[in-house]
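Chemist: Predicted model, plus sequence, below.
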Amino acid sequence: MTNTFTPQFSILMVDDEPAWLRSLSITLEGRGGLTNLLQLSDSREVLPLLARQDVGLILLDLTMPYCGGEEILQQVKQHYPTVEVIILSGMNQLETAVRCMRLGAYDYFIKTDETGRLLEGVRHAVQMVELQRQALEPLTGGRNHELDHPEVFSAIVTRDAQMLHLFAYLEAIAASRHPLLILGESGVGKELFARALHDLTHATGPLVSVNVAGLDDSMFADTLFGHRKGAFTGAGQDRSGMIEQAAGGTLFLDEIGDLSIPSQVKLLRLLQEGDYYPLGADQPSLLQARIVCATHCDLEAAVNNGTFRKDLYYRLRAHQVKIPPLRERRSDIPLLLEHFLKQSAHDLGKPLPTPPQQLSSLLGSYHFPGNVRELEMMVQDALSRHRGGILSLASFQDRIGEKQVASLAAVQNPFLGLDILPTLSQATEMLIDAALERSGGNQSLAARLLGISQPALSKRLKGRRLEEKGL
């Protein structure tokens, strides 16, 4: 007999087909044992309902009149980021599934999939929401949106609203003992976030950082757990592991997505049991450090392809932050530029140079695959060549030009997925518009992005204006 599972929040099902809603409801209540279910057949009513009901999970149809599933997903994640959304679709569309996951969907199921898989996904999502609420409930009551400890984040140069929201979230979970999972591309500053959380906890112990990429299972165990004298050949004395060294503080495990499966099992046991055995020890030692993990990998995809354990993934994401890449917070580029110019000038013992007027526009047009770290390296390289006066634009232009060519070679042809191809003339106009937008209207920079001369671009724009006037 199925046990009844009643979450403290409502589960909302949204589909324009009432018959499917009834069938799904029967499945969730019957085989799933889930209660506290709500139904909506008009997608326009989702946000108004969220404003008056405590909904923790939405099962959302993808294709509906008025407002489609993707649009609703974006609105929900914008206004109610803690509400999890599972997308249900009648078609198996890989590109759509990937797009939905990037928009923040918790999972994606085909309606014809095995019912057991859907029920398992719903139960996991419900448990995840409950874990997050359990951790945050005693911490967020009566909070305002002002940071209590802005000084903790002084090393992270930003004014971006997304980043400030993440700062507030770190303050909210600082007192929790659950692990934190930090997601983000290489170079976005994941270790700075780990440091900020460590400082927020007012820990008595240190922040100990370990890059676990490349560690085999034996090295991982010895690095984290340490060993006792005689545990293996060459172990001439006791050696404390990183967990012991981080006692009373924070253990930061970077590149967690690269761990082998045996090492993942060891980490999972550590998180579940709260103790560990140094190699060669008969008695366990207690975990006395907060665990923070980080990765640039897509762990959801790693779980699906079997390279990352699902149970460890769900254990880690009790608290998680995803740091946006620099290209999604371009307003930070001038701040970071100024910061790195001052820092590099100080480190190199040179006077602070005057940046050229075009530099901010040039950097703003670049996609920064290496993120903040790449910008820092660019500035350091430019300052090392600087001999006085206005900072040269050439070193930045050379680096950006090389990177853009390499990136373009790795990108799939954007026209391959189109049902109708634009004409050459239309494609040219689209490229020109995109280059002008990225360069902030600066024709010299736009021409460089397009690989043509500035006079050639000016001639094309003049021809466009004459054509628009009918001349």
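Modeler: Structure received.
Chemist: how about the strands in the chain?
Modeler: For the chain, the strands defined by DSSP state E occupy 10-14, 37-40, 55-61, 84-89, 107-110, 180-183, 207-211, 226-227, 239-240, 250-254, 275-276, 285-286, 290-295, 319-322.
Chemist: relative orientation of the first one and strand 55-61 in degrees?
Modeler: If I follow you right, that is strand 10-14. Orientation check (axes from the mean of the first three to the mean of the last three CA atoms, to 10 degrees): strand 10-14 against strand 55-61 gives 20 degrees.
Chemist: Can you show me the CA trace of stretch 282-299 as CSV?
Modeler: Provided in CSV are the C-alpha atoms of stretch 282-299 (Å, rounded to 0.1, in the frame of the first residue of the first chain):
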residue,chain,number,x,y,z
ASP,A,282,40.3,1.8,13.7
GLN,A,283,38.2,4.6,15.2
PRO,A,284,36.3,7.2,13.2
SER,A,285,36.9,11.0,13.4
LEU,A,286,34.1,13.5,13.4
LEU,A,287,33.6,15.9,10.6
GLN,A,288,33.8,19.4,12.2
ALA,A,289,34.0,21.5,9.1
ARG,A,290,31.4,23.1,6.8
ILE,A,291,31.6,21.5,3.3
VAL,A,292,31.5,23.7,0.2
CYS,A,293,31.8,22.2,-3.2
ALA,A,294,32.3,23.9,-6.6
THR,A,295,32.3,22.9,-10.2
HIS,A,296,32.1,24.3,-13.7
CYS,A,297,30.5,21.0,-14.9
ASP,A,298,26.9,20.5,-15.7
LEU,A,299,26.1,18.0,-12.8
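Chemist: Nearest to Ile420, out of the strands of the chain?
Modeler: strand 84-89 (23.9 Å; CB to CB). For the C-beta atoms, the positions are set from N, CA and C on the backbone; glycine is no exception.
Chemist: What lies in contact with that closest one?
Modeler: For strand 84-89, contacts defined as CB atoms under 8 Å, 6 or more residues apart in numbering pick out 15, 56-63, 69, 73, 76-77, 96-97, 100, 104-111, 118, 121-122, 125, 128-129.
Chemist: can I get the CA coordinates of that strand in PDB?
Modeler: What follows is strand 84-89, C-alpha atoms only, in PDB (Å, rounded to 0.1, in the frame of the first residue of the first chain):
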ATOM      1  CA  GLU A  84      10.800  24.300  -8.500                       C
ATOM      2  CA  VAL A  85       9.400  23.600 -12.000                       C
ATOM      3  CA  ILE A  86       9.200  20.300 -13.800                       C
ATOM      4  CA  ILE A  87       8.500  20.600 -17.500                       C
ATOM      5  CA  LEU A  88       6.100  18.000 -19.100                       C
ATOM      6  CA  SER A  89       6.000  17.800 -22.900                       C
END
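Chemist: when you give positions from now on, start the count at 287
Modeler: OK, 287 is where the count begins now, so the last one is strand 370-375.
Chemist: tell me the angle that strand makes with strand 341-347.
Modeler: Going by the same axes, to 10 degrees, strand 370-375 makes 10 degrees with strand 341-347.
Chemist: Look up the residues forming beta bridges with Ser495.
Modeler: Here Ser495 sits in beta bridges with Phe538, as judged by DSSP bridges.
Chemist: which residues does it contact?
Modeler: 477, 480, 538, 540.
Chemist: ok, it to Glu559 distance?
Modeler: Distance of Ser495 to Glu559, computed by CB to CB, to the nearest Å: 23 Å.
Chemist: distance between the ends of stretch 374-389?
Modeler: In stretch 374-389, first residue to last residue: 15 Å (CA to CA, to the nearest Å).
Chemist: let me fix that: stretch 338-352
Modeler: End to end - CA to CA - stretch 338-352 spans 21 Å.
Chemist: tell me the mean pLDDT over that stretch?
Modeler: The average pLDDT within stretch 338-352 is 91.
Chemist: Ok, stretch 409-417 next?
Modeler: 79.
Chemist: Give me the contact list for that stretch.
Modeler: By CB under 8 Å, 6+ apart, stretch 409-417 touches 291, 293-295, 297, 318, 320, 342-343, 368, 370, 372, 392-393, 464, 600, 603-604.
Chemist: Show me how this protein divides into domains.
Modeler: 296-426, 436-610, 622-695, 707-757 (automatic domain parsing).
Chemist: Indicate which one of those is closest to Phe701.
Modeler: domain 707-757 (5.9 Å).
Chemist: from the middle of its chain, how far away would the closest one be?
Modeler: The chain centroid and the centroid of domain 707-757 are separated by 34 Å, computed with CA atoms, centre = their mean, to the nearest Å.
Chemist: and that domain, average pLDDT?
Modeler: On average, domain 707-757 scores 80.
Chemist: ok, the residue nearest to Arg514 when sequence neighbours are not counted to Ala532 distance?
Modeler: Nearest non-adjacent residue to Arg514, counting by CB to CB, 6 or more residues apart in numbering: Gly566, 3.8 Å away. Distance from Gly566 to Ala532, counting by CB to CB: 21 Å.
Chemist: Which of these two has more residues huddled nearby?
Modeler: A side-by-side neighbour count of Gly566 and Ala532, using other CB atoms under 10 Å, places Ala532 first with 25 against 15.
Chemist: show me the contacts for that one.
Modeler: 491-494, 575 are the contacts of Ala532 under CB under 8 Å, 6+ apart.
Chemist: Spatially central residue in this structure, please.
Modeler: Lys608 (2.9 Å; CA atoms, centre = their mean).
Chemist: Tell me what the closest residue to that residue other than its chain neighbours is bridged to.
Modeler: Nearest non-adjacent residue to Lys608, counting by CB to CB, 6+ apart: Leu469, 4.3 Å away. Beta-bridge pairing of Leu469 under DSSP bridges involves Thr581, Lys608.
Chemist: Give me the below-cutoff pLDDT ranges for the stretch 387-536 of the chain.
Modeler: 417-431 (pLDDT under 70).
Chemist: where along it do the helices fall?
Modeler: Taking DSSP state H, counting those that start in this stretch as the criterion, the stretch 387-536 of the chain contains helices spanning 401-426, 447-459, 476-486, 503-511, 528-531.
Chemist: Now mean neighbour count and distance to Leu324 too, for these, in TSV please.
Modeler: Conversion of the helices of the stretch 387-536 of the chain to TSV gives the following (neighbours: other CB atoms under 10 Å; distance: least, CB to CB, whole Å):
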stretch	mean neighbour count	distance to Leu324
helix 401-426	16	14
helix 447-459	18	27
helix 476-486	21	35
helix 503-511	18	45
helix 528-531	20	44
